[in-house]
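Enquirer: Quick one, fold the following:
(one chain, ligands or ions: 2)
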Amino acid sequence: MEDNINKSPSVKERKVKGKVEIDIQKCKGCELCISACKEQALSLSNSINIKGYHYIIANNDACNGCVNCALVCPDAVITVYRTHPKKKPVDITPADIREQLQSLIVPTK
Ligand code: SF4
Ligand code: SF4
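Expert: Ligands and ions are numbered 1, 2, ... in the order given. This is a model prediction of the structure:
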């Protein structure tokens, strides 16, 4: 007898994957992260945020957790997690780079 609960064929069984969260209200749609993502996991939304910018959306099925997007984001609005089927997601965003970037951002009036 076959198990009739099959796994989705679209979900690959990679042990370690990535997952990104984007603070969409702070994204300015500069698209630097899209260029930095070799997995083509990021794209520009058709919708706009409260600032009037098209923001980034992520296809986390394609994300491998390389962190490139978080490194290039000038406003440090991307958080990257490393995920594992049997473990809790771990925030792997370089905290020191985020702090450095945020200290460079001059608040606008
Ligand atoms: S962590 Fe890497 S693979 Fe994932 S969205 Fe960012 S650049 Fe793409
Ligand atoms: S690099 Fe940052 S600000 Fe620019 S589009 Fe990507 S998430 Fe938005």
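
Enquirer: Could you list the contact residues of the chain toward ligand 2?
Expert: 22, 27-33, 56, 72-73, 75, 77-78 (Cβ under 6 Å from any ligand atom). Using the backbone N, CA and C atoms, a C-beta is placed for each residue, glycine as well.

Enquirer: which residue ranges form the helices in this structure?
Expert: Counting by DSSP state H, the chain has helices at residues 32-36, 68-72, 95-104.

Enquirer: Can you tell me which of those helices is packed in deepest?
Expert: helix 68-72 (a mean of 20; mean count of other Cβ atoms under 10 Å).

Enquirer: Around ligand 1, which positions in the chain sit nearby?
Expert: So the chain meets ligand 1 at 18, 20, 36-37, 39, 41-42, 58, 63-69, 80 (Cβ under 6 Å from any ligand atom).

Enquirer: Give me the pLDDT for the residue nearest to the spatial centre of the chain.
Expert: Centroid-nearest residue in the chain, with Cα atoms, centre = their mean: residue 20, separated by 2.6 Å. According to the prediction, residue 20 has pLDDT 97.

Enquirer: Just give the closest residue to it, not the sequence neighbours.
Expert: residue 58 (4.7 Å; Cβ to Cβ, 6 or more residues apart in numbering).

Enquirer: who touches stretch 87-101?
Expert: 19, 65, 67, 70-71, 73-76, 78-83 (Cβ atoms under 8 Å, 6 or more residues apart in numbering).

Enquirer: and the helices of the chain as a markdown table, adding mean pLDDT?
Expert: Output for these, formatted as a markdown table (pLDDT from 0 to 100):
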| stretch | mean pLDDT |
| --- | --- |
| helix 32-36 | 97 |
| helix 68-72 | 95 |
| helix 95-104 | 71 |
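
Enquirer: where does the protein have low pLDDT?
Expert: 1-14, 98, 102, 105-109 (pLDDT under 70).

Enquirer: let's go with 50 and repeat that
Expert: 1-11 (pLDDT under 50).

Enquirer: ranges for the strands of it?
Expert: With DSSP state E as the criterion, the chain has strands at 17-22, 42-48, 54-58, 78-84, 87-91.

Enquirer: possible to save the ones you listed as a markdown table with distance to residue 97?
Expert: Formatted as a markdown table, those follow (distance: least, Cβ to Cβ, whole Å):
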| stretch | distance to residue 97 |
| --- | --- |
| strand 17-22 | 15 |
| strand 42-48 | 18 |
| strand 54-58 | 18 |
| strand 78-84 | 11 |
| strand 87-91 | 13 |
